[in-house]
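Enquirer: Fold the stuff below for me.
(2 chains)
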Amino acid sequence: MKSSSNYIINVLAVGFLALLFLSVPLFWACKLCQGTLYAVEWHYQSVEVRPSGFVPELDSEPNTVSQSAIATYMPNEIILIGLGLLQNDPLSSELYKTASYYAIRDPNNKIRTWHLVYFDKNLGLVVHCDLAKTGRAGKRKWHKSEYLYAGPEGVADTAEKTLGRFAGPLILQRGSTARFGPSSVLIFDGKVRRFFKIQFDRASVIKGPELGKDYHPVQINSLRKNREFCGGIRWQQPYRQATPQEQEEWEKEQGRVEIYYDYEPSYRSTRYSPIRRRGPHNVNIGPDVKAYGQLEDILVLDKSCRIRRLDAETLEFVGSAGSLPVPPPKLHPVTTDGLLAYTVAPFFADGRELGIACSSVSSDASALAVSVFDPNGKPLGSNAKVRNPLDSPGGPGLIVTKFLLENLHPPVLALAGYFTRSSFEPSAGHRALFILPNALAPTAARNTYADDIGMRIWIELLMILPSIILSLLLTWHLRTNATTVGLSQKAKFYWTIGTIAFGLPAYITYRLTLPKIKLVTCASCGKARRPDMEKCHRCGGKWHAPELTPPAWRVIAE
Amino acid sequence: MFTLIKREIEQNIILFAIAALYAAIFIGTIVVSVIERQAHSSSPMGISNTMMLALVFYLPLTLSLLSAITGLVQMYTDRDKKLSAFLSTLATTRIHILLARIFTGVLTILTVLLPVVAASAILLQLFHPAPVSGIYTAFFMRVFAVTFLLALACYCIGLQIGWNRGIVITITTALFLTIALFSLLIIKGFGLEGCLILAVIIVASLARTWRKFISTSL
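Expert: Have a look, this model is predicted:
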């Protein structure tokens, strides 16, 4: 019994190691195929809404040759989707979830003080402290001072019980920066379902009304997720054709190369990206559009992808601002958890809000969508693009390679990928090793027949057919070998089930854990038999040892 | 048992010296980078890029290679010089020999890791005011925990591979498996998933090593 339990432990240990050391190279091989596909498909490709709807009077002019547009694109960094090492930057995870920091510059510009606002889980309070660098040159150190504590009931210098306690989960407004005074901090307490506005300079806390059960805010003000995988939202100016006189003057000054600038809003600051082109001179007729300015109301993103406007003073919802676009295929109601990446940008011109633009990436990074809304939340336009790798150079070959690599995974894990797809967080699905929710099989099954679950399962089984065939072939070879080696019927049965379910890793485990016994020829049947067994496992014949039979004669001493 | 451990440490003293030297160089690098950043930075947030890269990438990579080499050298030397065969004739068992060996391997890993952890904690407290240091502490605890598990997993793989004959195949296999394990860190990061997978790898590798060591004829 002890030897059999040792054998089982050995098989399980080797099995897991074989599965792991097979899955890791397959992961990288599939990643290489996927990354090459993305680089080829999405490079220089964008999705745009044209006309944007922000300047309809300019877009509808008869002289307009290029209407205004809102465009988004898939960045090249999409190749690195989901890699765990890149997801663990402390500045983008723990710090930014429940902390915010901003700088205040002294009016005479001599002293620069930093202010840190964060949620202390142990205290249950939002804490504000000043950080300043003091000391002699070369030996300056950071010093903290002037702590303030804020709870639901007020602000104080110490963590008094009368302040109350925030229960959490807490959502903190991020990215607040003030130049000439501390800004207020807006938080949402998920347990009491209220917004709180903490004004440290006035030592006051404004409490908003309790929200209904169907409101689930997930982000306040700065609405973005996985920004490195969601390209910035660009504004493209409208242009009209130049008059002959303007064309002539331009050719004299510039030559036939035109340089113009488009806004490329980023999460840090707006920046210009110069774009060159040749050809007839077109005149920019658009206003000076800026992105990411200061709205009167605060944007709040709900879990259902709706964006609402929150009054900054009363902390009540005052209307809808729009919603995140749902990338195709639009099969089920999508929540913010079901999107790999998204970003929202408000646009302004001459101090007036033009509206907001939103972009989102589907969970498997196969589709990109953008939508535009006016300041009242009315949709002005939307567009989406689904990648089609078959149209890209080398795409069919890469798809076939990826398909074959994914079919080296165990069939049971491939099926598990289909059934557990919706329970994976999108970026986690891109770093999955064993169960692959973003593999070609579950993706094809999901996208083919939206409502017919029977057909979807059939499609899934058809897509993993190479994996099943491989498992059956390996099982046949294993059974042949097990019969030769002399494994018991019970062991053969378990190995058969294991190899059908787990395919190549199970076969590798069998080969690694096979007892290394030299077989000898059976005198009865002439086939190989194990020397450590009393009977031949093929014919049941016993060992012939005629030399052990005592002779009939005896030596009798005289 | 203590005698066995002492004997293992004496036999692998060179590995301990290399580990201590590496830890010293590593700590020196991050101290210099932190002081340099402190002198030029005007923000209390963020830590030195060199320190971050060193702790998140270079330390796990080099420590995993060092650990794999430690395990490989221990087992290969044993098999080559038949040390366990000799020790088994004394008043000890194979399990004790294996446990002493594993203890020494863990000690080698901690010779590098513990000073780096202590130095990082001191630097964080010195140059970043609380609560900024507190925010980073949770992150670094995860990094060091996963680094330790990764190093231990590579060490266990080294123990398994080192028992085979054939130096070239042994080294090649150990290198491939160590790189595969390190790439697991790149895939999974410093989260709970990575910790769980590494823990299962350690248990599986130790179980296989134990079975092989106990049952193989010396």
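
Enquirer: How about chain B: which residue is closest to chain A?
Expert: B:Gly189 (2.4 Å; CB to the nearest CB). Where C-beta positions appear, they are placed from N, C-alpha and C, glycine not excepted.

Enquirer: Read off the pLDDT value for the closest residue to that residue other than its chain neighbours.
Expert: Closest residue in space to B:Gly189, ignoring its immediate chain neighbours: A:Gly84 at 2.4 Å, by CB to CB, 6 or more residues apart in numbering or on different chains. Note on A:Gly84: pLDDT of 81.

Enquirer: what residues are up against A:Gly84?
Expert: A:431, B:185-191, B:193-194 (CB atoms under 8 Å, 6 or more residues apart in numbering or on different chains).

Enquirer: how about 6 Å then?
Expert: A:431, B:187-189 (CB atoms under 6 Å, 6 or more residues apart in numbering or on different chains).

Enquirer: mind listing the helices for the stretch 101-250 of chain A?
Expert: Residue ranges of the helices in the stretch 101-250 of chain A, as given by DSSP state H, counting those that start in this stretch, are A:244-254.

Enquirer: secondary structure class for the most centrally placed residue in chain B?
Expert: The residue lying closest to the centre of chain B (CA atoms, centre = their mean) is B:Ala151, at 3.2 Å. Per DSSP: H, G, I helix; E, B strand; the rest coil, the local secondary structure of B:Ala151 is helix.

Enquirer: Next one: it, what pLDDT does it get?
Expert: Value listed for B:Ala151 in the pLDDT field: 95.

Enquirer: hang on, isn't it packed against B:Ser64?
Expert: Yes. Here B:Ala151 reaches B:Ser64: they are 5.5 Å apart, a contact under CB atoms under 6 Å.

Enquirer: Just the pLDDT at A:Arg271, thanks.
Expert: 44.

Enquirer: again but with A:Arg306, I slipped
Expert: For A:Arg306, pLDDT reads 93.

Enquirer: For it, grab the count of nearby residues.
Expert: 17 (other CB atoms under 10 Å in any protein chain shown).

Enquirer: what residues does the host helix or strand of A:Ala345 touch?
Expert: Taking DSSP states H and E as the definition, A:Ala345 sits inside strand A:341-349. Residues from elsewhere that reach strand A:341-349 (CB under 6 Å, 6+ apart): A:223-226, A:229-230, A:233, A:265, A:287, A:289-293, A:295, A:324, A:354, A:356-361.

Enquirer: One more pass at 7 Å, please.
Expert: A:54, A:223-227, A:229-230, A:233, A:235, A:265, A:287-293, A:295, A:299, A:307, A:324, A:353-361 (CB atoms under 7 Å, 6 or more residues apart in numbering or on different chains).

Enquirer: I'd like the next helix or strand past it.
Expert: strand A:352-361.

Enquirer: can you give me the angle the next helix or strand after that following strand makes with strand A:341-349?
Expert: Sequence order places strand A:367-373 as the next helix or strand after strand A:352-361, per DSSP H and E. With axes from the mean of the first three to the mean of the last three CA atoms, to 10 degrees applied, the angle from strand A:367-373 to strand A:341-349 works out at 30 degrees.

Enquirer: if I pick B:Thr29, what's in contact with it?
Expert: B:50, B:54.

Enquirer: can you count the residues close to the residue of chain B closest to chain A?
Expert: That count, for B:Gly189 with other CB under 10 Å as the rule, works out to 23.
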